[in-house]
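Engineer: Need a 3D model of the following:
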Amino acid sequence: MPRKNSSSKRFGARYGSKVRKNVDEAESGDDEYERVAAGIWKNKETGEVKAGGAFRPDTGAEEMMNKALKVETEELEEAKEKIEDE
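Structural biologist: As a prediction, the model looks like this:
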């Protein structure tokens, strides 16, 4: 079975395996987004351009922010209940 050539072969042994793997993922073209440049992604269907991570369109920052807001909201609710009980 022939080996699949990856786009990161042009780097040779340089930059480390994780970076080369990230480049392969970003340039594979399997997603709905196409990498225009580092951190710039274009939706293949709509043509919408957005900012994201260097190697992935989504950096996970939205998920972390929502989790932090949820914890903060719960803490505020607990403090509000504590004040109302006094």
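Engineer: contacts and neighbour counts: CA atoms only from here.
Structural biologist: Will do.
Engineer: residues touching Val49, list them.
Structural biologist: Ile40, Trp41, Lys42, Asn43 (Cα atoms under 8 Å, 6 or more residues apart in numbering).
Engineer: now with 10 Å?
Structural biologist: Neighbour list for Val49: Tyr33, Glu34, Arg35, Val36, Ile40, Trp41, Lys42, Asn43 [criterion: Cα atoms under 10 Å, 6 or more residues apart in numbering].
Engineer: Repeat that for Glu62.
Structural biologist: Counted by Cα under 10 Å, 6+ apart, Glu62 has contacts Ala68.
Engineer: let's go with 6 Å and repeat that
Structural biologist: Applying Cα atoms under 6 Å, 6 or more residues apart in numbering to Glu62 gives no contacts.
Engineer: Need the nearest residue in space to Arg20, chain neighbours excluded.
Structural biologist: In space, and not counting its chain neighbours, Arg20 is closest to Ser8: 5.4 Å by Cα to Cα, 6 or more residues apart in numbering.
Engineer: Compute the distance between Gly39 and Thr59, please.
Structural biologist: Counting by Cα to Cα, to the nearest Å, the separation of Gly39 from Thr59 is 10 Å.
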